[in-house]
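1. Just the structure for this:
(2 chains)
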Amino acid sequence: MTRTRFAPSPTGFLHIGNLRTAIYAYAMAKHDHGQFILRIEDTDQERYKPEGIDDIKKNLTTFGLKWDEYYVQSERKKTGFYQKIAEKLVSQNHAFYCQCPAKNAKEEGFSSTLRDPCRDKKLTSGAIKLRVPDDEKISYFDFVLQKEVSWDTNTVYDATLLKTDGFPTYHLAAMADDLDMKITHILRGHDWMPSTPVHLLVFRFLTGNQPQIGHLTDIQSPNGGKLSKRRDSVFCEQFINDGYLPEAILNFVILLGWAPKDNRELFTLSEFVQHFDPKGFQKSNPLFTQDKLNWLNGHYIRQKSDIEITQLVKTLVKTNIPEDKITQLLPLIKDRLVKITDFVPLTSLFFEAPPVDLALFTDPAVSLEHLKSGVQHLSSIDNWTKQGLELGWTDEIKARGWKVGDYFMSVRIAICGSRQTPPTTDTMLVLGKDETLKRLETAIQSINNSS
RNA sequence: GGCUCCAUCGUCUAGCGGUCUAGGACACCAGGUUCUCAUCCUGGUAACCGGGGUUCGAGUCCCCGUGGAGUCACCA
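-> Below is the predicted model of the structure:
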């Protein structure tokens, strides 16, 4: 039975890279009808952020990633679980106490020594560190890379397993938990690759059993290098608030580092679960460019009903527009929505008459004639419906020798204040007769005043 | 600098020795539909990092360069 876990640290908000790891781990487990476990790795007291856990749970939920089991490492620590394991390793001579002051990598530079000076001092208290054996080759098969990766233990340092504050480090906590929780596949970020030999040794000394391990690629900034929380948009919630649909974000992120044999691109979560194959993992780092996200978002928006989109607009946009009005407007702008939040700029013309911009008219004199004729045609109409509006209109236009496109462009600019709008007759229908005529008259006035 | 990973169109990728004059998607460009824009449809531009091998034959295997990435904490 496949059991995977998503094991984030609550040190900030869930970002797109975390989400992707979670999705892959989820799909891997569910593809085999196994379990997906959420484990909070809060063993770093200094970087702990209390709001982090809620953020993780909330986001996993909005993306439909349900966990079957839930653990918190700080809770497990209280039972002495990690402490006992660390002490047992010392008693077996696989680990040792150390009382050196904690190092700081940044200050140490590149020249930190691999073998700890305390390893043969036979101390009986302090931090506990792993006793790495000399002259061994240690290796594992990476199920993402689909190849064996190996190290010479002489290049591996005596990593700390238990800190002086009694908390385990990741090296101990995650491996002990993975074993204890019977995790079958460890899927984690590529940045863990260098400490894998440490973990391999921990597994060996603990039980000799070892889950399969796979290291995911890193999502990189469009400009190259690490995704920056300052420069790039990276947080899941931020995308949701910007008007991206969870299904679009999900689909986009799935494709960032994974592809099926047939190169299919559109996936819902359950479809992804069904088609998941670890051989589809990419080996090189993808760049986080959002073009395809935008396309996917538009695609998924267009698949939704107007009622569904109305609800999304309501929850995402602070607006007092009544629901039925939103629903009424949607058919006019649905094809133009890239993000749900685009609803606001696309519909503003329906609520407030845009200022007349004379510069938009290519030939104001001709447009003036168009508009006058428009007023004449429209004011006589009692049946303010699409059929009523359009009845005989184009014939009138053509009869006066005008191009239909030019004519409607004049009208469009007059009532919408833009050259890019929904179809003009549809717009007039929503606006109503009075408002439409009012805007036309205003535009006529403006042109007259300017000449 | 040591260790480790990676390398196909601008981007995401298919390809796992011959079917590759390298396929798809996004983006871009052009055309069509349309009263504009958008949607939609059709077409187009565009890539195997370099050099050596192995082989009858290499994008596909090996080696060396080069380039990119990660990491070197009592952080995860």
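2. and stretch A:161-178, what's its mean pLDDT?
-> Mean per-residue pLDDT for stretch A:161-178: 97.
3. Check the offset of it from the chain's centre.
-> 30 Å (Cα atoms, centre = their mean, to the nearest Å).
4. Show me what it is in contact with.
-> If you take Cβ atoms under 8 Å, 6 or more residues apart in numbering as the criterion, stretch A:161-178 is touched by A:5, A:7, A:39, A:41, A:43-45, A:71, A:73-74, A:76-77, A:81-83, A:85-86, A:89, A:95, A:126-130, A:159-160, A:183, A:186, A:195, A:198-199, A:202-203, A:206, A:211. Glycine gets a C-beta too; all of them are placed from N, C-alpha and C.
5. can you do 6 Å?
-> A:43, A:73, A:82, A:85-86, A:95, A:127-128, A:130, A:159-160, A:186, A:198-199, A:202-203, A:211 (Cβ atoms under 6 Å, 6 or more residues apart in numbering).
6. Pull out the buried positions in it.
-> A:161-163, A:167-178 (16 or more other Cβ atoms under 10 Å).
7. how many neighbours does the residue in the stretch 251-400 of chain A positioned nearest to RNA strand B have?
-> Closest to RNA strand B within the stretch 251-400 of chain A is residue A:284: 2.7 Å, counting by Cβ to the nearest atom of the strand. Residue A:284 has 8 neighbouring residues, counting by other Cβ atoms under 10 Å.
8. mind checking how far it is from residue A:256?
-> Residue A:284 sits 12 Å away from residue A:256, going by Cβ to Cβ, to the nearest Å.
9. Spatially, and excluding backbone neighbours, which residue is closest to the residue of the stretch 251-400 of chain A closest to RNA strand B.
-> Nearest residue to residue A:284 in three dimensions, chain neighbours excluded: residue A:217, at 6.4 Å (Cβ to Cβ, 6 or more residues apart in numbering).
10. same deal with residue A:130?
-> residue A:159 (5.0 Å).
11. quick one, phi psi at that neighbour?
-> Note on residue A:159: its backbone torsions stand at phi -70, psi 150 [degrees, to the nearest 10].
12. hang on, isn't it packed against residue A:198?
-> Yes - counting by Cβ atoms under 6 Å, residue A:198 is a contact partner of residue A:159 at 4.5 Å.
13. So the two - more neighbours on which side?
-> More crowded of residue A:159 and residue A:198, by other Cβ under 10 Å: residue A:198, with 26 against 20.
14. Run the chain-centre distance for the helix ranked longest in chain A.
-> The longest helix of chain A (DSSP state H) is helix A:433-450. A distance of 46 Å separates the centroid of the chain from that of helix A:433-450, by Cα atoms, centre = their mean.
15. ok, now stretch A:51-64?
-> On Cα atoms, centre = their mean, the centre of stretch A:51-64 falls 12 Å from that of its chain.
16. cool, and stretch A:193-211?
-> Per Cα atoms, centre = their mean, the centroid offset for stretch A:193-211 relative to its chain is 31 Å.
17. try stretch A:271-281
-> On Cα atoms, centre = their mean, the centre of stretch A:271-281 falls 19 Å from the chain's centre.
18. Which residues does it contact?
-> A:27, A:30, A:31, A:143, A:144, A:254, A:258, A:259, A:260.
19. Out of those residues, which two sit at the greatest distance?
-> The span of those, defined through Cβ to Cβ, is set by A:30 and A:259 at 18.9 Å.
20. Comparing those two, which residue is more hemmed in?
-> Taking other Cβ under 10 Å, residue A:30 and residue A:259 do not tie; residue A:30 has more neighbours (22 against 15).
21. Regarding the more buried one, what is its secondary structure?
-> Classification of residue A:30 using DSSP: H, G, I helix; E, B strand; the rest coil returns helix.
22. Please determine how far it is located from residue A:174.
-> From residue A:30 to residue A:174 the distance is 22 Å (Cβ to Cβ).
23. returning to what we had before: near RNA strand B, from the buried residues of stretch A:161-178?
-> Contacts with RNA strand B within those, as defined by Cβ under 7 Å from any atom of the strand: A:163, A:167, A:168, A:169, A:170, A:174.
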